[in-house]
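Chemist: structure of the sequence below:
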Amino acid sequence: MIKIGVTGNIGSGKTTLTNFFDNKNAYIFNADKEAKNHLSKHSVLQKKIINIFGNQIVTSNNLDFKKLAQVAFENKNNQKILNGIVWPEVSILIDKALHEAKIKKYDFFIVDAALLFEANFNHFFDFIILVTAEKKIRLNRALKRNNLDLSQIKKRMNLQLSDQKKVKLSDFVICNNKNKKNLEVEFNKVLNEIILTK
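Modeler: Purely as a prediction, here's the structure:
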């Protein structure tokens, strides 16, 4: 089984690329979704986060994920604190998922994670695919999702490790400035190269 990390900054198209693994006998782990799911069920972890960031992230006595995201992406320090709490938990979830994937004999184990390098989790993988795109294109894509306003998107962009730094740490880089069809063509080229390398 080949372990692949897929990463990219906001609006790059990393999740679109990850979805191309759907019909490749791949176990797909979406770090962001799994972290939120885990946190929503984990009251001790929620209390820990509320104790650190205070009532500004609470609505009706419950942790408000939207408010938490706003505070977490306010500055590098807040992001680092939250990563320090959440990523050790995520790594346990990844290990469990990997164990399950081995039992079920998947060919690929894919982790879709925006903060792969920021969380120092790159050592785990056989290969890392970085998806990049021009800043203007990424901004437009992120706005189309309608879940963040322009200032929030820009804040997230500024906090993320630059593409230049991520390129140096990645095994494959796919530029996604065009359309989904073009992205799939590039994906297949990279996948063939990975299979040949292994």
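
Chemist: okay, CA-based contacts and neighbour counts for the rest of this
Modeler: Will do.

Chemist: pull the CA atoms of stretch 104-111 into CSV?
Modeler: In CSV, the C-alpha atoms belonging to stretch 104-111 read as follows (Å, rounded to 0.1, in the frame of the first residue of the first chain):
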residue,chain,number,x,y,z
LYS,A,104,-9.1,-4.1,3.8
LYS,A,105,-6.1,-4.3,1.4
TYR,A,106,-6.4,-0.9,-0.2
ASP,A,107,-3.7,0.0,-2.8
PHE,A,108,-3.5,3.6,-1.7
PHE,A,109,-3.8,5.4,1.6
ILE,A,110,-4.5,9.1,0.9
VAL,A,111,-4.5,11.9,3.5
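
Chemist: can you list the buried residues in that stretch?
Modeler: 106, 108, 109, 110, 111 (16 or more other Cα atoms under 10 Å).

Chemist: which of the residues you listed sits closest to residue 75?
Modeler: Nearest to residue 75 out of those is residue 111 (Cα to Cα; 25.4 Å).

Chemist: before we move on, which element is that closest one in?
Modeler: strand 108-112 (DSSP states H and E).

Chemist: what strands line up against the helix or strand following that strand, and which way round?
Modeler: Scanning forward in sequence from strand 108-112 by DSSP H and E, the next helix or strand is strand 127-132. Applying DSSP bridges, strand 127-132 is found paired with strand 2-7 (parallel), strand 172-175 (parallel).

Chemist: for the following helix or strand past strand 127-132, the averaged confidence score.
Modeler: Proceeding N to C from strand 127-132, the next assigned helix or strand is helix 135-144, under DSSP H and E. Helix 135-144 shows a mean pLDDT of 96.

Chemist: stretch 70-78 now?
Modeler: Here the average pLDDT along stretch 70-78 is 92.

Chemist: try stretch 97-106
Modeler: On average, stretch 97-106 scores 98.

Chemist: and the longest helix for this structure?
Modeler: helix 76-103 (DSSP state H).

Chemist: show me what it is packed up against.
Modeler: strand 26-30, helix 31-41, helix 65-72 (3 or more Cα pairs under 8 Å, 6 or more residues apart in numbering; DSSP states H and E).

Chemist: measure the most far-flung residue of the chain relative to its centre to residue 84 for me?
Modeler: In the chain, the residue that sits farthest from the middle, by Cα atoms, centre = their mean, is residue 60; the gap is 28.8 Å. Remark: distance between residue 60 and residue 84 (Cα to Cα, to the nearest Å) = 26 Å.

Chemist: cool, and residue 94?
Modeler: With Cα to Cα as the criterion, residue 94 and residue 84 are 16 Å apart.

Chemist: kindly report the same for residue 179.
Modeler: In terms of Cα to Cα, residue 179 sits 36 Å off from residue 84.

Chemist: residue contacts, residue 34?
Modeler: By Cα atoms under 8 Å, 6 or more residues apart in numbering, the residues touching residue 34 are 90, 93.

Chemist: that's all I had, so thanks and see you.
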